[in-house]
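Enquirer: Predicted coordinates and the sequence they were generated for:
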There are 4 protein chains.
Amino acid sequence: MAFEFKAVRRVEFSETDMAGIVHYSNFFRYMETAEHGFFRSLGHSVVMDQFDPPLGWPRVRAECEYRQPLRFEDEVEIHLLVSDKKSKSLSYIFKFRKLNGAAPVEVARGSLTVVCITKQADGKFSSSNIPQAFADQIQIAPAELLS
Amino acid sequence: MAFEFKAVRRVEFSETDMAGIVHYSNFFRYMETAEHGFFRSLGHSVVMDQFDPPLGWPRVRAECEYRQPLRFEDEVEIHLLVSDKKSKSLSYIFKFRKLNGAAPVEVARGSLTVVCITKQADGKFSSSNIPQAFADQIQIAPAELLS
Amino acid sequence: MAFEFKAVRRVEFSETDMAGIVHYSNFFRYMETAEHGFFRSLGHSVVMDQFDPPLGWPRVRAECEYRQPLRFEDEVEIHLLVSDKKSKSLSYIFKFRKLNGAAPVEVARGSLTVVCITKQADGKFSSSNIPQAFADQIQIAPAELLS
Amino acid sequence: MAFEFKAVRRVEFSETDMAGIVHYSNFFRYMETAEHGFFRSLGHSVVMDQFDPPLGWPRVRAECEYRQPLRFEDEVEIHLLVSDKKSKSLSYIFKFRKLNGAAPVEVARGSLTVVCITKQADGKFSSSNIPQAFADQIQIAPAELLS
């Protein structure tokens, strides 16, 4: 049973803005890097085309707290932890650690709640139970890791 | 005294993802559209180079709740409301309304807390009081609008 | 018969990079703003779902020459001109003019070649003739405008 | 003397668009990944703050030809080759190869011309000679690799 995943990225030039730091919206892209790596680590893609209709994972809530900026070429670890698991949704927290300073330091913390959906013929989404085989692979992280 | 601003955008193709909807990170870009329009409506740019050292407005917290997806060429109104005002920080909420359906519908709601900072010679940020003349232009929105 | 379209954008903060200017990749997003506005001006969306299978317009070539940078809050006009029209493809040039200086100045020039395709059941694209009714609305711009 | 660099990326969800493929503007971000990796491989950052005034490398021309689409989770190699070297500018070509198919296949080819500049006190750019120590590390790739 898995409850965490770590991804590492190097900040790209195109992710910075004129303030010289990573644009705050990109932290939400970084969260996805870890989320989709977590899925792959369990043998899945977030695009679940093997189901009919296909399953998807839209977000219902996203949040980020920023403590220190990230800059071009910084190395950042995105540490995903499963914080909640329901029949139709998952929640994660994300600890962003800058790795290239004197000591690793947490620069931001994010969270995400996603729901499992099927895409109907008319393009609309309807919520769906998480496939059992996938749900069985996942558990909530220990409380001490989530604090 | 101002407490709100409305911006309207049309969803661009490049803002969608393979799920056929606006990527969730782009709602945070949309929030900035309204925030910077709010500043301009008061005669200011968010880049306050007239001060020495220049002032900036990095984010310390960002959040969004998603109710319905936005799709290519949807028209979306981003309604900024000032929800808090302190000596060194401002908070906003954002109501996203899709305008091109049968009736306008709120598809998402966001919030942002930003701090006023000066950029030091070594590139580091330090928090700063909001310039008085600017602070005097802004007030918290009435409670009934914030709910 | 139409051969041009003009769109105007104001440069967003999130489109700048740490060099303080619009990231060069965003000029390609700006081109699409004008391209899709051109389609809408003729009563069409670039997403042609009314056909079965749906038609799409992927790019086969894109190019941009940069003369002067664009900065935050600059107003830029993107002037699309049809430079070629074939049975299955269209080519455009784009003149980027900064409007908020002493006099409008061309800051960049781009070009795009797009092909009309249908999406097959297996997800692959195959080229398709441009629908006649749409092709009949479009003509190549006069040579003096293209230079 | 160096004339090439290879970077590998996995396509991210946020890089796709509603057509289900990588948005064409992102190939220009991918080129930068290889360009900046090339600089780092020679012990440099593209942000040359060790000089006074600092040196930068804005683009004067960018181009890409698209042959096959890239999709979510595809692995793509971006192969940078130095195609020209002048006193104040460098040109590169980029071969994009999709690695996760039956056999590696070139899906796109790009090119970039960048100039070395200094940023003046008023924020304007003026072209500058490439620092000799850096220029001495770089040579044009063999003709057979550039074809």
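Expert: Perfect, thanks for sending it.

Enquirer: Please count neighbours and contacts with C-alpha atoms only from this point.
Expert: OK.

Enquirer: elements contacting the longest helix along chain A?
Expert: The single longest helix within chain A, with elements called by DSSP state H, is helix A:26-41. The contact analysis (3 or more C-alpha pairs under 8 Å, 6 or more residues apart in numbering or on different chains; DSSP states H and E) places helix A:26-41 against strand A:4-10, strand A:59-66, strand A:75-85.

Enquirer: got the ones you listed as JSON lines, with mean pLDDT, distance to A:Met31 and mean neighbour count columns?
Expert: Shown next, in JSON lines, are these (pLDDT from 0 to 100; distance: least, C-alpha to C-alpha, whole Å; neighbours: other C-alpha atoms under 10 Å in any protein chain shown):
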{"stretch": "strand A:4-10", "mean pLDDT": "98", "distance to A:Met31": "9", "mean neighbour count": "18"}
{"stretch": "strand A:59-66", "mean pLDDT": "98", "distance to A:Met31": "10", "mean neighbour count": "21"}
{"stretch": "strand A:75-85", "mean pLDDT": "98", "distance to A:Met31": "7", "mean neighbour count": "22"}
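
Enquirer: residues contacting the nearest residue to A:Ser111 once chain neighbours are set aside?
Expert: Using C-alpha to C-alpha, 6 or more residues apart in numbering or on different chains and skipping the chain neighbours, the partner closest in space to A:Ser111 is A:Ile93 (4.2 Å). Contacts for A:Ile93 (C-alpha atoms under 8 Å, 6 or more residues apart in numbering or on different chains) come out as A:Leu80, A:Leu81, A:Val82, A:Ser83, A:Arg109, A:Gly110, A:Ser111, A:Leu112, A:Leu146.

Enquirer: Which residue does chain A have closest to chain C?
Expert: Residue of chain A nearest chain C, by C-alpha to the nearest C-alpha: A:Asp17 (3.9 Å).

Enquirer: Pop out the phi and psi values for the closest residue to that residue other than its chain neighbours.
Expert: Counting by C-alpha to C-alpha, 6+ apart, A:Asp17 lies nearest to C:Asp17, which is 3.9 Å off, once chain neighbours are set aside. When quoted as degrees, to the nearest 10, the phi and psi of C:Asp17 stand at phi -130, psi -180.

Enquirer: tell me the contacts of C:Asp17?
Expert: A:Phe13, A:Ser14, A:Glu15, A:Thr16, A:Asp17, A:Met18, A:Ala19, A:Gly20, C:His23.

Enquirer: measure it to B:Pro58 for me?
Expert: Between C:Asp17 and B:Pro58 the computed distance is 15 Å (C-alpha to C-alpha, to the nearest Å).

Enquirer: now swap in A:Val105 and tell me
Expert: 19 Å.

Enquirer: ok, those two, which is more surrounded?
Expert: Here A:Val105 and B:Pro58 are compared on neighbour count by other C-alpha atoms under 10 Å in any protein chain shown; more neighbours surround B:Pro58, at 22 against 17.

Enquirer: for the residue nearest to A:Ser111, which residues make a bridge with it?
Expert: A:Leu81, A:Ser111 (DSSP bridges).
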